[in-house]
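1. fold the stuff below for me.
(2 chains)
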There are 2 protein chains.
Amino acid sequence: MTNQSTDFNLFGADALKAAFRRHASGVAIITASTKAGDPIGFTATSVTSLGSNPPLVSFNIAQGSSSYEHLVEGSHVAIHTLTTENLALSQKLAGPKEDRFKDVEYNLVSGVPVFPHTSAVILASVRTRLEVAANAVIVVDVISGLENSEAEPLLYYRRGYLTTGERLADNF
Amino acid sequence: MTNQSTDFNLFGADALKAAFRRHASGVAIITASTKAGDPIGFTATSVTSLGSNPPLVSFNIAQGSSSYEHLVEGSHVAIHTLTTENLALSQKLAGPKEDRFKDVEYNLVSGVPVFPHTSAVILASVRTRLEVAANAVIVVDVISGLENSEAEPLLYYRRGYLTTGERLADNF
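-> Numbers count the residues shown, from 1 in each chain, chains lettered A, B, ... in the order given. Model prediction:
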């Protein structure tokens, strides 16, 4: 292969899409509730830590999302990290919003739907939102959490779901 | 296993750490340059898309990081998505900052160090920063990009580097 490292031949959204097809992400589900108490939730690949002192998490969302109006400052959310055993749940929470909580087992904790059998859950409250163009970064304060399933993590890569493979090295 | 799904027995930073140990991330390297023209860069697991119209990327950084002062509005950055063949590079860019560009092959593009042999590179400019406690979310506008290596993606999970395994399903 020739060294193409300085031939920037993709522009704007094409450059973004090419890079993120090649970037793997962990898959999470974020849940909350409406003022009327109805459960809402969605699958997200943008969940990331924003520091541990104080403990903060960020995730990204389109302002046009049906969930966005419910994620205001002070709203409670549950962030679930997923395993390969949660594949169907992940697909369901990425599907039509009217079906997302149909025939799915969940508990209500502080009014927020919590799915059992995920690898971990964080209960958090929305601290601030940064609106940028049609999207937003949401930053939440971590309140509490639990660990659950030890199954392999669920990944998203090249428009599909995968799990992890060979461990190559320890430590960051 | 008993259903522990509502037993939130971890608090604050402990809850954050437990969840993120179980959440896999793609690994990226972000580079830029100082005003004096010296290369800077670091390994990051927080790189995520923030929408494609306009094309935006976000990543998180500690304000105490030596790189932070150089990532002001308008600064150019290169975001590299990594493969398993970039393991040593990833470790180097996560190591002592005075060694990060020693004995490493790179090119300068718009003054920014670009590593060859990564899977993709995005050239971007810093649009805005959201400072939250001791950390910050940085949002960049994607300018251009390139695709390069087709090797397997590099992941970070449970304090170690891995690659992807079995593909379980297509489509999100």
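2. export the helix or strand A:Thr163 falls within as PDB, just CAs?
-> Here A:Thr163 sits within strand A:160-170, counting by DSSP states H and E. C-alpha atoms of strand A:160-170 as PDB (Å, rounded to 0.1, in the frame of the first residue of the first chain):
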ATOM      1  CA  GLY A 160     -23.000  -3.800  12.800                       C
ATOM      2  CA  TYR A 161     -22.900  -5.300  16.300                       C
ATOM      3  CA  LEU A 162     -19.800  -7.200  17.400                       C
ATOM      4  CA  THR A 163     -18.100  -8.400  20.500                       C
ATOM      5  CA  THR A 164     -14.500  -8.100  21.700                       C
ATOM      6  CA  GLY A 165     -11.800 -10.400  20.500                       C
ATOM      7  CA  GLU A 166      -8.200 -11.000  21.500                       C
ATOM      8  CA  ARG A 167      -6.700  -9.100  24.400                       C
ATOM      9  CA  LEU A 168      -3.400  -7.500  23.100                       C
ATOM     10  CA  ALA A 169      -2.000  -5.700  26.100                       C
ATOM     11  CA  ASP A 170      -2.700  -4.500  29.600                       C
END
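3. can you tell me what sits against it?
-> If you take C-beta atoms under 8 Å, 6 or more residues apart in numbering or on different chains as the criterion, strand A:160-170 is touched by A:24, A:27, A:84, A:87, A:90, A:152-156, B:24, B:84, B:87, B:91, B:152, B:154-155, B:157, B:159-171. Backbone N, C-alpha and C define where each C-beta goes, glycine included.
4. mind checking which of these are buried?
-> Neighbour counting with 16 or more other C-beta atoms under 10 Å in any protein chain shown marks A:24, A:27, A:84, A:87, A:90, A:152-156, B:24, B:84, B:87, B:152, B:154-155, B:157, B:161-165 as buried within the contacts of strand A:160-170.
5. next, the angle from the strand holding A:Thr163 to strand B:160-170.
-> Orientation check (axes from the mean of the first three to the mean of the last three C-alpha atoms, to 10 degrees): strand A:160-170 against strand B:160-170 gives 170 degrees.
6. give the rounded mean pLDDT of strand A:160-170.
-> Strand A:160-170 carries an average pLDDT of 95.
7. just checking: what are the partner strands of it?
-> Sheet pairing for strand A:160-170, assigned by DSSP bridges, gives strand A:154-157 (antiparallel), strand B:160-170 (antiparallel).
8. which residues does the nearest residue to A:Ala124 once chain neighbours are set aside form beta bridges with?
-> Spatial nearest neighbour of A:Ala124, chain neighbours left out: A:Val140 (3.8 Å); criterion: C-beta to C-beta, 6 or more residues apart in numbering or on different chains. For A:Val140, the beta-bridge partners under DSSP bridges are A:Val57, A:Val126.
9. sec struct for A:Glu69, please.
-> Classification of A:Glu69 by DSSP: H, G, I helix; E, B strand; the rest coil places it in helix.
10. how many other residues sit next to it?
-> Per other C-beta atoms under 10 Å in any protein chain shown, the neighbour tally for A:Glu69 reads 12.
11. pLDDT wise, what is it at?
-> With respect to pLDDT, A:Glu69 scores 97.
12. quick one: it from B:Ser67, how far?
-> For A:Glu69, the distance to B:Ser67 equals 35 Å [C-beta to C-beta, to the nearest Å].
13. try A:Tyr157
-> As judged by C-beta to C-beta, A:Tyr157 and B:Ser67 stand 27 Å apart.
14. so where's chain A uncertain?
-> A:1-5, A:172 (pLDDT under 70).
15. could I get the full set of helices for it?
-> A:13-21, A:87-93 (DSSP state H).
16. does any bit of the last one sit next to chain B?
-> It refers to helix A:87-93. Yes. On the criterion C-beta under 8 Å from any C-beta of the partner chain, helix A:87-93 is in touch with chain B at A:Leu87, A:Gln91.
17. ok, residues contacting stretch A:37-46?
-> With contacts defined as C-beta under 8 Å, 6+ apart, stretch A:37-46 is touched by A:25-34, A:58-61, A:65-67, A:70, A:90-91, A:93-94, A:97, A:100-101, A:106, A:108, A:111, A:113, A:156, B:48-50, B:58, B:172.
18. go again with 7 Å.
-> Stretch A:37-46 has contacts (C-beta atoms under 7 Å, 6 or more residues apart in numbering or on different chains) with A:25, A:27-34, A:59-60, A:65, A:67, A:70, A:90, A:93-94, A:100-101, A:111, A:113, A:156, B:48.
19. just the residues you listed: which are in strands?
-> Among the contacts of stretch A:37-46, DSSP state E puts A:Ser25, A:Ala28, A:Ile29, A:Ile30, A:Thr31, A:Ala32, A:Ser33, A:Phe59, A:Asn60, A:Pro113, A:Tyr156, B:Thr48 in strands.
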